[in-house]
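Colleague: no sequence on this one, just coordinates:
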Ligand SMILES: NC(=O)c1ccc[n+]([C@@H]2O[C@H](COP(=O)([O-])OP(=O)(O)OC[C@H]3O[C@@H](n4cnc5c(N)ncnc54)[C@H](O)[C@@H]3O)[C@@H](O)[C@H]2O)c1
């Protein structure tokens with residue numbers, strides 16, 4: 001077997017038929033240890049951002065194909081990296097080939113992972129870092145899985161669009177973590193909807209109403225930056241606020257129902273009622289946004305992170321010949337030309353996305369949702385903008401905003417004191 005990076009890449013292109021013939025949906029068990037079915041070459045994966053989702057994504061990546069191994073890990077914090085490494089070693093030791101010298105810590109860890117001869121990188125840090133990490137990964141010619149959202153502000157989205165175009169031109173796979181697009185019940189339901197099962201869809205209502213999330217207490221030896229980074233969810237400049245960071249999944253389902261057509265204007269409101277202490281930074285705890293499409297269609301979004309309230313996340317769609325409802329209980333129901341309920345076999349959407357990604361790399365037809373992931377992210381950022389300012393904004397206004405929320409990638413350091421903006425006040429907070 002040739003070992004050089006370029007010869008592996010050549011092999012990857014040629015070896016598609018082998019990978020397809022051996023099947024795509026390898027379980028973690030079949031991935032463990034049994035080398036008889038291993039393909040002639042190995043795909044090396046690097047993980048950048050070793051938290052909860054990154055660790056899961058790494059597990060799914062190395063389980064997607066019998067010949068994928070994790071060879072490099074990077075995180076801002078050593079303890080996070082060590083915890084992730086240990087839990088991966090506990091699960092699939094045969095596929096974790098991360099030497100001590102390939103564990104990188106700090107804000108520049110991403111550079112070292114990218115320089116470590118990996119073929120595929122998993123970008124799973126908080127979203128503020130995504131545009132910079134993605135640009136660097138594409139520059140280095142890596143296939144990418146990147147978690148949603150892919151940016152926290154419009155300049156970040158525009159950077160991601162540029163990177164996505166470069167990835168396409170270089171023939172690199174670029175997959176986002178908009179995982180509901182890889183959920184079998186939703187794929188079945190949406191294929192019927194987009195085939196006209198309820199006629200022309202004119203109204204979509206989507207929700208992400210959930211509990212308050214975790215936070216960690218400040219330790220005496222932490223700088224402001226360390227404390228903020230460890231509680232990144234609560235700072236708009238790091239997370240994009242929860243409409244962008246979490247509720248975006250439901251907004252993406254709205255967009256899918258509308259054929260990924262972009263709305264022309266958005267109006268909204270939001271605020272913080274139950275999560276007002278200083279430790280909750282400057283994000284809101286609820287949003288309500290109306291997206292208006294050029295042809296008069298409307299999408300209504302409602303999200304909250306408030307404990308003790310009813311939970312629901314899902315999407316209801318009305319067409320001129322029926323309606324469809326998808327909810328948190330895994331109901332996928334169409335009442336239309338023909339009534340239909342999804343009752344198939346469940347599968348893990350997180351695993352599905354990696355199976356698809358790695359198969360696409362193997363067969364030389366790299367998966368690509370670069371522009372779509374940027375647009376769906378922007379829908380969330382736009383919702384935040386209209387709620388924070390109280391202004392109705394067009395898509396063009398929002399996308400062309402020049403407001404950069406955080407420091408540039410090169411300026412991050414543990415002593416940096418990045419000023420947190422005041423909690424936004426509709427009517428007072430200016431659109432920039
Ligand atoms: N698709 C989904 O269903 C889903 C679910 C959960 C999270 N996510 C997304 O995944 C991303 C990560 O979320 P999480 O829940 O894993 O958060 P997390 O806090 O558990 O993990 C983030 C990790 O990134 C590290 N990190 C922070 N800045 C870094 C930097 N500059 N360089 C390297 N490492 C850095 C942190 O130390 C941490 O270990 C977010 O964008 C989140 O929205 C997606």
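Modeller: Done, it's in. Please read all numbers here as calculations on a predicted model, not as lab measurements. Residues are numbered from 1 along each chain as shown.
Colleague: tell me where the stretch 251-400 of the chain has strands.
Modeller: For the stretch 251-400 of the chain, the strands defined by DSSP state E, counting those that start in this stretch cover 265-271, 286-292, 298-305, 312-319, 322-326, 332-335, 340-341, 393-394.
Colleague: can you redo those strands as a markdown table with distance to the ligand and mean neighbour count?
Modeller: Just so you know, the C-beta spots here come from the backbone N, C-alpha and C atoms, and that holds for glycine as well. Shown next, in a markdown table, are those (distance: least, CB to the nearest ligand atom, whole Å; neighbours: other CB atoms under 10 Å):
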| stretch | distance to the ligand | mean neighbour count |
| --- | --- | --- |
| strand 265-271 | 18 | 20 |
| strand 286-292 | 16 | 22 |
| strand 298-305 | 13 | 23 |
| strand 312-319 | 11 | 20 |
| strand 322-326 | 16 | 21 |
| strand 332-335 | 18 | 19 |
| strand 340-341 | 24 | 14 |
| strand 393-394 | 23 | 16 |
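Colleague: adding mean pLDDT, write the ones you listed out as JSON lines.
Modeller: Shown next, in JSON lines, are the strands of the stretch 251-400 of the chain (pLDDT from 0 to 100):
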{"stretch": "strand 265-271", "mean pLDDT": "98"}
{"stretch": "strand 286-292", "mean pLDDT": "98"}
{"stretch": "strand 298-305", "mean pLDDT": "98"}
{"stretch": "strand 312-319", "mean pLDDT": "96"}
{"stretch": "strand 322-326", "mean pLDDT": "98"}
{"stretch": "strand 332-335", "mean pLDDT": "98"}
{"stretch": "strand 340-341", "mean pLDDT": "98"}
{"stretch": "strand 393-394", "mean pLDDT": "98"}
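Colleague: let me have these in TSV, extended by distance to residue 143.
Modeller: Below are the strands of the stretch 251-400 of the chain laid out as TSV (distance: least, CB to CB, whole Å):
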stretch	distance to residue 143
strand 265-271	33
strand 286-292	32
strand 298-305	32
strand 312-319	30
strand 322-326	31
strand 332-335	31
strand 340-341	36
strand 393-394	35
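Colleague: any figure for the gap between the one residue in the stretch 1-150 of the chain that gets nearest to the ligand and residue 194?
Modeller: Going by CB to the nearest ligand atom, the ligand is nearest to residue 51 of the stretch 1-150 of the chain, at 1.7 Å. For residue 51, the distance to residue 194 equals 34 Å [CB to CB, to the nearest Å].
Colleague: of these two, which one has the most company?
Modeller: residue 51 (21 against 14; other CB atoms under 10 Å).
Colleague: do I have it right that the more buried one meets residue 80?
Modeller: Yes. Between residue 51 and residue 80 there is a contact under CB atoms under 8 Å: 6.0 Å.
Colleague: what ranges in the stretch 301-432 of the chain fall below the confidence cut-off?
Modeller: Judged against pLDDT under 70, the stretch 301-432 of the chain has no low-scoring part.
Colleague: which residues touch the residue of it found nearest the ligand?
Modeller: Nearest residue of the stretch 301-432 of the chain to the ligand: residue 412, at 6.6 Å (CB to the nearest ligand atom). The contact partners of residue 412, by CB atoms under 8 Å, 6 or more residues apart in numbering, come to 107, 225.
Colleague: for the residue of the stretch 1-150 of the chain closest to the ligand, what are its contacts?
Modeller: 75, 80, 84, 124, 125.
Colleague: just say helix, strand or coil for the third one.
Modeller: By that I understand residue 84. Counting by DSSP: H, G, I helix; E, B strand; the rest coil, the backbone at residue 84 sits in helix.
Colleague: how far away is the residue lying closest to residue 177 once chain neighbours are set aside from residue 269?
Modeller: Spatial nearest neighbour of residue 177, excluding adjacent residues (CB to CB, 6 or more residues apart in numbering): residue 147 at 3.9 Å. Using CB to CB, residue 147 is found at 28 Å from residue 269.
Colleague: for residue 370, give me its contacts.
Modeller: Neighbours of residue 370 in contact, by CB under 8 Å, 6+ apart: 160, 161, 163, 164, 165, 167, 168, 174, 176.
Colleague: ignore what I typed, I meant residue 161.
Modeller: Neighbour list for residue 161: 370, 371, 374 [criterion: CB under 8 Å, 6+ apart].
Colleague: buried ones in the helix or strand harbouring it?
Modeller: Using DSSP states H and E, residue 161 sits in helix 154-170. The neighbour-count check on helix 154-170 (16 or more other CB atoms under 10 Å) flags 154-164, 166-167 as buried.
Colleague: can you list these in TSV and add distance to the ligand and pLDDT?
Modeller: Rendered in TSV, the data for these read as follows (distance: CB to the nearest ligand atom, whole Å; pLDDT from 0 to 100):
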residue	distance to the ligand	pLDDT
154	17	98
155	18	98
156	12	98
157	14	98
158	19	98
159	16	98
160	13	98
161	18	98
162	20	98
163	16	98
164	17	98
166	21	98
167	19	98
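Colleague: can you name the residues of this protein that neighbour the ligand?
Modeller: Contacts of the chain with the ligand, taken as CB under 6 Å from any ligand atom, map to 48-54, 74-77, 80, 107, 109-110, 124-127, 129, 147-148, 177, 179, 229, 245.
Colleague: apply 5 Å and report the result again.
Modeller: For the chain, the residues in contact with the ligand (CB under 5 Å from any ligand atom) are 49-53, 75-77, 80, 124-125, 127, 129, 147, 177, 179, 245.
Colleague: restricted to helices, list those.
Modeller: When DSSP state H defines the helices, the subset of these inside them is 52, 53, 80, 245.
Colleague: grab the nearest non-local neighbour of the second one.
Modeller: Taking CB to CB, 6+ apart, and ignoring the residues beside it in sequence, residue 53 has residue 124 as its nearest neighbour in space, at 5.0 Å.
Colleague: kindly calculate the angle that the helix ranked longest in the chain makes with helix 154-170.
Modeller: Assignment by DSSP H gives helix 370-389 as the longest helix of the chain. Angle, helix 370-389 to helix 154-170, by axes from the mean of the first three to the mean of the last three CA atoms, to 10 degrees: 180 degrees.
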